[in-house]
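Enquirer: give me a 3D structure for the following:
(chains A and B)
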Amino acid sequence: MTNVGSTELSGKSLLELDRVDTYYGQIHILQGLSIRIEAGELVCLLGGNASGKSTTLKTILGIVRPRNGVVRVDGEDVTKRPTSYRIGRGLAIVPENRRLFAPMTVLENLEMGAYLRGGGAKEDFERVYELFPLLYERRSQLAGTLSGGEQQMVAMGRALMSRPKLLLMDEPSMGLAPILVEKNFEIIKQVHESGVAMLIVEQNANVSLSIADRGYVLSTGRLVLEGPAAMLRENEELRKAYLGR
Amino acid sequence: MDTFLQLTVDALTLGSVYALIALGYTLVYGVLKLLNFAHGDVFMVGSFIGFGVLQLLGGTSKPVVPVWLLLVLMVLAAMVGCAVLGVVIERFAYRPLRDAPRIAPLISALGVSFFLANSMQLLFGATPRNYNIFDLANASLYTKGFNVGNVHVALLRIITVVAAFVLMVLLWFLVNRTRTGKAMRATSYDREAAAMMGIDIDKVIVFTFVLGSALAGAGGVLQSLRVPTTVAIGFVVGLKGFTAAVIGGIGSIPGAMAGGLILGFAESFSQGYISTKWSDLIVFSILIAFMIFRPQGLLGRADIRKV
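Expert: The predicted structure is shown next:
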């Protein structure tokens, strides 16, 4: 692995993967992966197809369990804990392709985001509606009938309903029109500035590096690069592999 | 005209019980994508619990409690008993196979079905059990009621239909207005996404079995108020419930209700206008027709898989 610039970190991280090995059956997907995210940071995890990005998220959330290594949230070992426990500890996700509950209303989707908090308090809804005024208008509409951009708002709002400390975003720009990608990243920035740490998993390196503090680059389940976003953008290898096209 | 009315009354009574069974099928299929072939046998156990409570409370000839309380207790006991049974079945027959290929829990379900039918036969024998509701309060459940033209609608039928509909309204409320009910719909649509929201899938599944099995228990008692029960009814009843669920669109709650009623009408009208011998043939022909021409059922959604 190449380390471009200083990434000295101290204290207990918000999220830490410590030398994680994850398998699907016999196939070794994540190979000794270590990443950490501090409170309030915006970190992006880059990599092409089949680089292990989705598996990393699944390992973080406990949808798959690593064979070796430790997953810590706020310093607590959650490796053997189920997904619901980890969500309760302050993780939330905007899944790839949004994965809204299409036959349920926008309001019900938001309630599901706050499931562990009893369906959401008034101020949670207010905060989401303030960020996305359109969702207030559409609250009784079925989520499946919304446009792609609107669905992205619901997915984001739904994740924020749990008052997460760390928001995981899986390919937020996938399937969105270019103009919406930009708008989406504006929103991501806005949410981040309100104090939520974020891990953005993306193929679109350009946009994500432009707003991130730090980045990791994954290739076939191993870290190949890590460092401050500004330095990654300058990195020759990365430019060739991801930005040049 | 009288025949038509009589058959309609029949259809509603039959159909509302079928709807109760179909709901259990559809709820479980929704969250687990499992055809719970043991469901009809849970219904059978429910009908026996109702019979047991009836005997404990003095039988139909000299009940120790008022008639309305007797009926309520029979239904409630069957609902509670079946809910517990459903949870036990899920825990021991389906949960260990949660990640196995889908054929494995299906076979396990058939196994549970045989297990329930045969152990009930060992315990209680194969003789039919008749609730003998006719003896209750001088046959008043049959003689009371109201008349539409020349057709007498017996109180017993009114009780059956009303009870079934009250339960369905209750279910609708639970599923649409409570947090756990909404979590169930979310899980049924996309289990992994539901888990990502922090929903405890195991809890949702247990909740689903509680609801479905309780409805089957109630259905078991309601049907046995009119028709004697045996340990062997589970198979046929399960098949009818399954057919109703498929016609309505498996996984869809309003679909199961509609499917149950359609089945009730098909059965009753084919018996009345064509022949009792042909009614099952007609009912299952409808199933086959749906399978061929509208496999997603009336209200189900077509399963579109993106690759």
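Enquirer: chain A contacts on the stretch 51-200 of chain B?
Expert: Taking CB under 8 Å from any CB of the partner chain as the criterion, the stretch 51-200 of chain B approaches chain A at residues B:179, B:182-183, B:185-186, B:189-190, B:192-200. Quick note: C-beta positions are derived from backbone N, CA and C, even for glycine.
Enquirer: can we see that at 10 Å?
Expert: With CB under 10 Å from any CB of the partner chain as the criterion, the stretch 51-200 of chain B meets chain A at residues B:176, B:178-180, B:182-183, B:185-190, B:192-200.
Enquirer: buried subset of these?
Expert: With burial judged by 16 or more other CB atoms under 10 Å in any protein chain shown, the buried subset of these is B:180, B:182-183, B:185-190, B:193-200.
Enquirer: centroid residue for chain A?
Expert: Using CA atoms, centre = their mean, the residue of chain A that lies closest to the mean C-alpha position is A:L168, 1.9 Å off.
Enquirer: surely that residue meets A:L45?
Expert: Yes. Assessed by CB atoms under 10 Å, A:L168 is found in contact with A:L45 at 9.4 Å.
Enquirer: now the common contact residues for the two.
Expert: Common contacts of A:L168 and A:L45 (CB atoms under 10 Å, 6 or more residues apart in numbering or on different chains): A:37, A:56-57, A:199-201.
Enquirer: out of the residues you listed, who's near chain B?
Expert: A:L57.
Enquirer: ramachandran angles for the residue nearest to the centre of chain A?
Expert: A:L168 has phi and psi values of phi -100, psi 130 when expressed as degrees, to the nearest 10.
Enquirer: check contacts around it.
Expert: A:15, A:37, A:45, A:56-57, A:60-61, A:91-95, A:159, A:197-201, B:196.
Enquirer: then B:R157?
Expert: B:9-10, B:12-14, B:16, B:141-142, B:145, B:225-226.
Enquirer: is it part of a helix or strand, or is it coil?
Expert: helix (DSSP: H, G, I helix; E, B strand; the rest coil).
Enquirer: confirm that A:R72 sits in a strand.
Expert: Yes. With three-state DSSP as the criterion, A:R72 is assigned to a strand.
Enquirer: for it, which residues make a bridge with it?
Expert: A:E16, A:D77 (DSSP bridges).
Enquirer: give me the neighbour count for A:G149.
Expert: 15 (other CB atoms under 10 Å in any protein chain shown).
Enquirer: how about chain A: which residue is closest to chain B?
Expert: Nearest residue of chain A to chain B: A:I87, at 3.2 Å (CB to the nearest CB).
Enquirer: hang on, the earlier thing: closest one to B:S119 out of the shared contacts of A:L168 and A:L45, please.
Expert: A:L57 (46.3 Å; CB to CB).
Enquirer: quick one: residues contacting the closest one.
Expert: A:45, A:63-64, A:93, A:95-96, A:168-171, A:199, A:201, B:196.
Enquirer: ditto for B:G111
Expert: B:37-38, B:93.
Enquirer: so which of the residues you listed would you say is closest to chain A?
Expert: B:A93 (22.1 Å).
Enquirer: hmm, the closest one is touching B:A109, no?
Expert: Yes. Applying CB under 10 Å, one finds B:A93 in contact with B:A109, separated by 7.1 Å.
Enquirer: got any residues that touch both of these two?
Expert: B:36, B:38.
Enquirer: you'd agree A:G215 is in a helix?
Expert: No. Counting by three-state DSSP, one finds A:G215 to be strand, located in no helix.
Enquirer: ok, it touching A:L225?
Expert: Yes. A:G215 lies in contact with A:L225 (CB under 10 Å); the separation is 7.7 Å.
Enquirer: these two: which has the busier surroundings?
Expert: Neighbour count, other CB under 10 Å: between A:G215 and A:L225, A:G215 has more, with 27 against 22.
Enquirer: OK, contacts around that one?
Expert: Counted by CB under 10 Å, 6+ apart, A:G215 has contacts A:4, A:42-46, A:200, A:202, A:205, A:208-209, A:225-233, A:235, A:238.
Enquirer: and the buried ones among these, selectable in PyMOL?
Expert: Buried residues within the contacts of A:G215, by 16+ other CB under 10 Å, are selected in PyMOL with:
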select buried, chain A and resi 4+42+43+44+45+46+200+202+205+208+209+225+226+227+228+229+231+232+233+235+238
